[in-house]
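**Student:** With the input below, show me the fold.
(chains A and B)
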2 protein chains.
Amino acid sequence: MSEPKNYHMSPEEFRQHAYAVVDWIAEYMQTVENYPVMSQVQPGEIRAALPPDAPQTGENFTDMLADFEKIILPGITHWQSPNFFAFFPANNSAPAILGELLSAGLGVQGMLWLTSPACTELETHVMDWLVDMMGLPGKFKSSASGGGVIQDTASTAALTALLAGRERATNFASNARGCDGRLVAYTSTQAHSSLEKAARIAGIGQENLRLIDVDENFAMRPEALAQQIQADRQDGLTPCFVSATVGTTSSTAIDPLIDIGRICQSENIWLHVDAAMAGTAAVCPEYRHFQNGLEYADSYCFNPHKWMFTNFDCDCFFVGDRAALIHTLSILPEYLRNQATESGAVFDYRDWHIQLGRRFRSLKLWFVIRHYGIQGLQYHIRQHVELAQQFAEWVRKSPDFELSAPVPLNLVCFRHIAGDDDNQRLLDRLNASGKLYLTHTRLNGKLTLRLVVGQTHTQAKHVSQAWELIQEYAAEL
Amino acid sequence: MSEPKNYHMSPEEFRQHAYAVVDWIAEYMQTVENYPVMSQVQPGEIRAALPPDAPQTGENFTDMLADFEKIILPGITHWQSPNFFAFFPANNSAPAILGELLSAGLGVQGMLWLTSPACTELETHVMDWLVDMMGLPGKFKSSASGGGVIQDTASTAALTALLAGRERATNFASNARGCDGRLVAYTSTQAHSSLEKAARIAGIGQENLRLIDVDENFAMRPEALAQQIQADRQDGLTPCFVSATVGTTSSTAIDPLIDIGRICQSENIWLHVDAAMAGTAAVCPEYRHFQNGLEYADSYCFNPHKWMFTNFDCDCFFVGDRAALIHTLSILPEYLRNQATESGAVFDYRDWHIQLGRRFRSLKLWFVIRHYGIQGLQYHIRQHVELAQQFAEWVRKSPDFELSAPVPLNLVCFRHIAGDDDNQRLLDRLNASGKLYLTHTRLNGKLTLRLVVGQTHTQAKHVSQAWELIQEYAAEL
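**Tutor:** Numbering: from 1, shown residues only, chains lettered A, B, ... in the order given. Next up is the predicted model:
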């Protein structure tokens, strides 16, 4: 029986084109260093090369791949280049790409246990693995009262945690009747901008997010937190949420979790700990002390899509009391009812986050952990930290540069002693060279360059080349 | 110079393993019909087959792929089976998988224009293409006052729209000071559960989401909406948001956009239109009348990851006034400042949604549109609608079954005349057979079976086999 007319790519055509894409990626892995790290195109340049209208009839995939190379590639900033030292990393790896490919091929939805049991169970299982392999509190395991779920980003994880805290503080009245303008949340002045965004989204309001002062190391001052909570209670407000950071975006500052945790415990305030980038370091026992006090946290997240070789998106979000989270986000319409859900024997991850639909993201994390093993992950994390520490040492010894903040892990904040204008010129020239990519922040009001070592394939030579180039350009300032 | 020690998969190893995964997917495409559509495993069965701890040392990818087949695959519900008629589809296609693979290989972040200009510009461009190819209002184009962005899901899109409406109604006071318990939003009793979730998340409260009554076709009654808005205004409340649906989840009911739109316009209330599944039909001019009145909408979304052959996640979200959206969600910390952003010449999509990070999702959509062309998409959408209409006709003619709702597009709501218990038994037996997968809803209080034709490879034979099996099992009730 012949197939009816269709416009689909046949499995055999898919195979051939997919081989070509795989070949392209394998080649890209070997040549990514040759591209300018930061794209050098001007605004509008990519669009100008694209046809104004969608095609009426189908086109050949070989032509699409050629267009990708010709039109799209010049507009790519190469996050997978070993010379990418900007922002925080978003590293990937070969096993992660294989997991993403398999997930796309399966095309399953994991919104309910029922809609693909393996999608839910593998995720729960791998999240439990992570609790053990990273020394996280046991309450975060599914066998205890908590559990883990993969969110898209730490921004969404923070929002989700804020919602759970909001509901716990109001006994679910905010969910029912809306916020009342009297809820207050807390984080440090150095916390990620996603906290302000979350406070807006959750109906708490940006003015009711208290940005607590930090110490000389850019870490939250617990006594300032305690005072602010007292002041807010005296004003009749409702403190509901504290977000502490392990590894702030600007400078990887580490908030003191034990002191903050004790305050939250005695005040009965939900404590979220955001370790988006730095959390991965806990794979190595020697770095776990940065998370001392994590047992006080109600929720916690870190992003394997930043520093654990797992391509975006993959934020691992843990809670100590899953019932509080599920109660916050669960709504069960008739068309999603099923026996497995009603038996209570399964997790339905739609109740653990904002979205309903979700793809099979634990596959890539499973592949990454199995490919590297705990030892392989430890080896590469240690290498990255060591390279950053080496770079910091060079800065320390240089007469022209200074460190702007402590370097606990893999981010070095530094600046030329010549001042903001020269640092900006230096940064612009470095990035325009295409040989590396750095970004900046401000610490104590001063422009500060950031070099983060976290790209999968960054080796000693890349970091030393970066330092040589920085010195060379600085000499010409 | 030899490479330093590392645990990475080499590009050559990646190539070989990726070929194996590609071969597996190509084979799966040909054999997916052979699997039970709904996974038959019991709760806990998958986890029981997985080792309790993560491996200390790395493992071979060939073993992982074997474990995937042995352990994971039995726990998969096959959304890509042509016999998948459940929920709404989440269809994919070969060109979409290729786009996802390439995106994973590139591993870029699109949070800012600067962080990969092509990621932003291709997305803006393809979204503009869709406005033209689907006959959407011109204001949704980036060349006008609006623009499109890819969100993960229609749930998130609805939340984003609600936030923009909330801020417009309060002149951004909710963002600043939090919600005041007096905001009110509106949707129909048949709208998706994500609206209730969004009302909770946004601090408006579930009780302040008015579920407007529907007519005999399950479409919102505009006069009931107008009355409720007046009543709320008289109570001193602040109506801020209406969500209308084109193609409700239960029965693909079509809310009357013209009448609803006029009310929203005269009341100055943000109108969002959720066409998550049904919106794709607008690729065909003959189905665009379902969206008459869309010019009144402030925002609109549909999901290519449901019915347009683009693997999850890909929700296309359009706004008529992008400034209102950006003003709602924009926060600019120092570490994200850059010249391109400050020039105003570019879009930074982080300001268009909740997350900060984002992957390169427009690649797969670009590939799908180019592979099929407008004609190819139209052909397959028409085929699906035709097959659903054929099925509805069989139900209409059957003495044992009846239609439970109108069938405007590709979803047939039907039931056996024998009543709820027999329909439940029929459903359970059909799904346990593994030969197809249907889900249910309730309409007018009665258990109703749903058959949606939207899986990429569903052909006439699959729909007729489904009808035969339904009749066969029904005869044995």
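**Student:** Output the below-cut-off pLDDT ranges for chain A.
**Tutor:** A:1-4 (pLDDT under 70).
**Student:** How is it partitioned into domains?
**Tutor:** A:11-34+A:39-76, A:108-359, A:373-475 (automatic domain parsing).
**Student:** Could you export those as JSON lines, including mean neighbour count?
**Tutor:** In short, each C-beta sits where N, CA and C put it, glycine included. Shown next, in JSON lines, are the domains of chain A (neighbours: other C-beta atoms under 10 Å in any protein chain shown):
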{"stretch": "domain A:11-34+A:39-76", "mean neighbour count": "17"}
{"stretch": "domain A:108-359", "mean neighbour count": "22"}
{"stretch": "domain A:373-475", "mean neighbour count": "19"}
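**Student:** Phi, psi for A:Thr57 please.
**Tutor:** phi -120, psi 160 (degrees, to the nearest 10).
**Student:** In chain A, what residue comes closest to chain B?
**Tutor:** A:Gly203 (1.4 Å; C-beta to the nearest C-beta).
**Student:** helix/strand/coil for A:Phe290?
**Tutor:** Look at A:Phe290: counting by DSSP: H, G, I helix; E, B strand; the rest coil, its state is helix.
**Student:** who's in contact with the closest residue to it other than its chain neighbours?
**Tutor:** The spatial neighbour of A:Phe290 that comes closest, neighbours along the chain excluded (C-beta to C-beta, 6 or more residues apart in numbering or on different chains), is A:Ile254 at 5.0 Å. Applying C-beta atoms under 8 Å, 6 or more residues apart in numbering or on different chains, we find A:Ile254 in contact with A:Asn217, A:Ala219, A:Thr245, A:Val246, A:Gly247, A:Ala278, A:Phe290, A:Pro408.
**Student:** Let me see the backbone angles for A:Ile254.
**Tutor:** A:Ile254 has phi and psi values of phi -110, psi 110 when expressed as degrees, to the nearest 10.
**Student:** For beta bridges, what are the partners of it?
**Tutor:** A:Val246 (DSSP bridges).
**Student:** and the gap between it and A:Phe391?
**Tutor:** 19 Å (C-beta to C-beta, to the nearest Å).
**Student:** Nearest residue to A:Ile72 in space, please, no chain neighbours.
**Tutor:** That would be B:Ala118: by C-beta to C-beta, 6+ apart, it lies 4.6 Å from A:Ile72.
**Student:** should've said A:Val346
**Tutor:** Per C-beta to C-beta, 6+ apart, closest to A:Val346 is A:Trp113, 3.6 Å.
**Student:** quick one: contacts for the one you found?
**Tutor:** Going by C-beta under 8 Å, 6+ apart, A:Trp113 touches A:Thr120, A:Glu121, A:Ala340, A:Thr341, A:Val346, A:Phe347, A:Asp348, B:Pro43.
**Student:** Turn those residues into a markdown table, including secondary structure.
**Tutor:** A markdown table is the format used below for these (three-state DSSP):
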| residue | secondary structure |
| --- | --- |
| A:Thr120 | helix |
| A:Glu121 | helix |
| A:Ala340 | helix |
| A:Thr341 | helix |
| A:Val346 | coil |
| A:Phe347 | coil |
| A:Asp348 | coil |
| B:Pro43 | coil |
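**Student:** of all these, which two lie farthest apart?
**Tutor:** A:Glu121 and A:Thr341 (14.5 Å; C-beta to C-beta).
**Student:** Where is the longest helix in chain A?
**Tutor:** helix A:362-397 (DSSP state H).
**Student:** which strands and helices sit next to it?
**Tutor:** helix A:94-106, helix A:117-133, helix A:304-307, strand A:401-403, strand A:411-416, strand A:446-452, helix A:460-475, helix B:61-67 (3 or more C-beta pairs under 8 Å, 6 or more residues apart in numbering or on different chains; DSSP states H and E).
**Student:** who wins for proximity to B:Met127 among the ones you listed?
**Tutor:** helix A:94-106 (21.2 Å).
**Student:** Tell me what angle the closest one forms with helix B:362-397.
**Tutor:** Orientation note: helix A:94-106 sits at an angle of 20 degrees relative to helix B:362-397 (axes from the mean of the first three to the mean of the last three C-alpha atoms, to 10 degrees).
**Student:** Helix A:94-106 and chain B, are they touching?
**Tutor:** Yes. Helix A:94-106 lies within reach of chain B by C-beta under 8 Å from any C-beta of the partner chain, at A:Ala94, A:Pro95, A:Ala96, A:Ile97, A:Leu98, A:Glu100, A:Leu101, A:Leu102, A:Ala104, A:Gly105, A:Leu106.
**Student:** repeat for stretch A:159-172
**Tutor:** Yes. Counting by C-beta under 8 Å from any C-beta, chain B is contacted by stretch A:159-172 at A:Leu159, A:Leu163.
**Student:** Need the CA coordinates for stretch A:449-461. CSV is fine.
**Tutor:** In CSV, the C-alpha atoms belonging to stretch A:449-461 read as follows (Å, rounded to 0.1, in the frame of the first residue of the first chain):
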residue,chain,number,x,y,z
LEU,A,449,36.0,43.5,34.5
ARG,A,450,34.8,39.9,35.1
LEU,A,451,36.5,36.8,33.9
VAL,A,452,34.7,33.6,34.6
VAL,A,453,36.3,30.2,33.9
GLY,A,454,33.4,27.8,33.2
GLN,A,455,33.3,27.0,29.6
THR,A,456,33.6,23.2,29.0
HIS,A,457,36.7,23.3,27.0
THR,A,458,38.6,26.2,28.6
GLN,A,459,42.1,25.1,29.4
ALA,A,460,45.2,26.6,30.9
LYS,A,461,46.4,28.0,27.6
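**Student:** and that stretch, how far out from the chain's middle?
**Tutor:** On the basis of C-alpha atoms, centre = their mean, to the nearest Å, stretch A:449-461 sits 17 Å off its chain's mean C-alpha point.
**Student:** Is chain B within reach of that stretch?
**Tutor:** Yes. Using C-beta under 8 Å from any C-beta, stretch A:449-461 reaches chain B at A:Arg450, A:Thr456, A:His457, A:Gln459, A:Ala460.
**Student:** Is it possible to get JSON lines of those residues that adds distance to A:Gln30?
**Tutor:** As requested, the residues of stretch A:449-461 next to chain B are arranged in JSON lines below (distance: C-beta to C-beta, whole Å):
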{"residue": "A:Arg450", "distance to A:Gln30": "28"}
{"residue": "A:Thr456", "distance to A:Gln30": "13"}
{"residue": "A:His457", "distance to A:Gln30": "10"}
{"residue": "A:Gln459", "distance to A:Gln30": "14"}
{"residue": "A:Ala460", "distance to A:Gln30": "19"}
